[in-house]
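>>> The sequence and its predicted three-dimensional model are supplied below.
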Amino acid sequence: MNPRRASSSPCAPNPPAGTVGKVDPTASQSSRLTRPDGSPLRVLVVDDEVNLAELIAMALRYEGWDVTMAHTGRKAVDLARELRPDAVVLDIMLPDFDGFEVLRRMRSFDPNVPVLFLTARDAVEDRVAGLTEGGDDYVTKPFSLQEVVARVRALMRRAGAQQAESSSVLVVGDLTLDEDSHEVFRGGDEITLTATEFELLRFLMRNPRRVLSKAQILDRVWNYDFGGQANVVELYISYLRKKIDAGRAPMIHTMRGAGYVLKPAE
């Protein structure tokens, strides 16, 4: 971990025991934002801590957005020029030049792109500097991924993102999940899940064929800081397998040393 950081962890402290398995009921699973033409919003995540950037990107992709990552200021500017993102999550402390310089260069060719500064520097003068330089919002570490997502959504709504009118039904192979009714079917057979099992399956189905680490699952489903709680993921994966895969070709697979992946049965 970079010694420059004020905190060794990017996420908020573990929630109280009574909140285990619960997810913010106001989360935007069926209220997606899109570009005016209906295509996915584009978000650029800039942070030199690769693991942290990947966690943020995963949380944003869960919203249905196209996310690209950069780990240096120079790469961030090049990608912003090429992709013209709808929002940027931008760390101030970068290895080549800082986030303020990144913002100045981006604004030279895209003056209206919304920018959320993300940094461990929480002194008042740093916050003022970030907003004075043209940043639209500011989040300090440690933080909650849900807060980052909510702030990015707010920025893009103000910038004119459209409310999507898309189906709330996820489909992977012969497995379907209705995000509104919370009904789950596989091969026409209804499957009854607990609230936590449902959130875990929804996360897997929103990322089909993508290997998800235990840390990513913990952070998204349980809102835990990663580390020390991986056994709860193993437990709930086993619960899901008994309900989803029992007597059928398996869809949930363990990638040893990497995590879990859900894909259509072969």
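Yep, that arrived. In this text, all values refer to a predicted model and were calculated from it rather than measured experimentally.

>>> where in the stretch 101-250 of the chain is pLDDT low?
121-134, 160-167, 223-230 (pLDDT under 70).

>>> buried stuff in stretch 50-64?
52-64 (16 or more other CB atoms under 10 Å). Any C-beta I mention is one placed from the backbone N, CA and C, and that applies to glycine too.

>>> In CSV: those residues, plus distance to Asp245, pLDDT and secondary structure.
Below are the buried residues of stretch 50-64 laid out as CSV (distance: CB to CB, whole Å; pLDDT from 0 to 100; DSSP: H, G, I helix; E, B strand; the rest coil):
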residue, distance to Asp245, pLDDT, secondary structure
Leu52, 33, 92, helix
Ala53, 32, 93, helix
Glu54, 27, 93, helix
Leu55, 27, 92, helix
Ile56, 31, 93, helix
Ala57, 28, 93, helix
Met58, 24, 91, helix
Ala59, 27, 91, helix
Leu60, 29, 92, helix
Arg61, 25, 90, helix
Tyr62, 23, 86, coil
Glu63, 28, 86, coil
Gly64, 26, 85, coil
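
>>> ok, Trp65 touching Arg42?
Yes - in this structure, Trp65 is within contact of Arg42 by CB atoms under 8 Å, at 7.0 Å.

>>> These two: which is more packed in?
Between Trp65 and Arg42, counting by other CB atoms under 10 Å, Trp65 is the more crowded of the two (25 against 18).

>>> Can you check the pLDDT for that one?
Trp65 carries a pLDDT score of 90 in this model.

>>> ok, now how distant is the residue nearest to Asn112 when sequence neighbours are not counted from Trp65?
Nearest residue to Asn112, sequence neighbours excluded (CB to CB, 6 or more residues apart in numbering): Ala159, at 7.1 Å. As for Ala159, its distance to Trp65 is 13 Å (criterion: CB to CB, to the nearest Å).

>>> OK, contacts around the spatially most central residue of the chain?
Closest to where the C-alpha atoms of the chain average out (CA atoms, centre = their mean) is Ala59, at 0.6 Å. Going by CB atoms under 8 Å, 6 or more residues apart in numbering, Ala59 touches Leu145, Gln146, Val148, Val149, Asp219, Arg220.

>>> Could you give me the buried positions within the strand or helix carrying the second one?
Spelled out, that is Gln146. Element membership for Gln146 (DSSP states H and E) is helix 145-158. Neighbour-count burial for helix 145-158, counted by 16+ other CB under 10 Å, picks out Leu145, Gln146, Val148, Val149, Arg151, Val152, Arg153, Leu155, Met156.

>>> Same list, those, but as TSV with distance to Arg104 please.
Below are those laid out as TSV (distance: CB to CB, whole Å):
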residue	distance to Arg104
Leu145	28
Gln146	30
Val148	23
Val149	26
Arg151	21
Val152	21
Arg153	25
Leu155	19
Met156	22
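
>>> tell me the pLDDT at Thr16?
Let me fix one detail, which is that residue 16 is Pro and not Thr. 31.

>>> Same question for Ile92.
87.

>>> Go ahead and confirm it touches Asp98.
Yes - the pair Ile92 and Asp98 passes the contact test of CB under 8 Å, sitting 5.6 Å apart.

>>> Straight-line length of stretch 89-101, end to end?
14 Å (CA to CA, to the nearest Å).

>>> Distance from it to the middle of the chain?
21 Å (CA atoms, centre = their mean, to the nearest Å).

>>> Let the chain start at 32 from now.
Sure, I'll start counting at 32 from here, so that last one is stretch 120-132.

>>> The helix or strand harbouring Val120 to helix 176-189, inter-axis angle?
Assigned by DSSP H and E, Val120 falls within strand 118-122. Compare the direction of strand 118-122 with that of helix 176-189 by axes from the mean of the first three to the mean of the last three CA atoms, to 10 degrees and you get 140 degrees.
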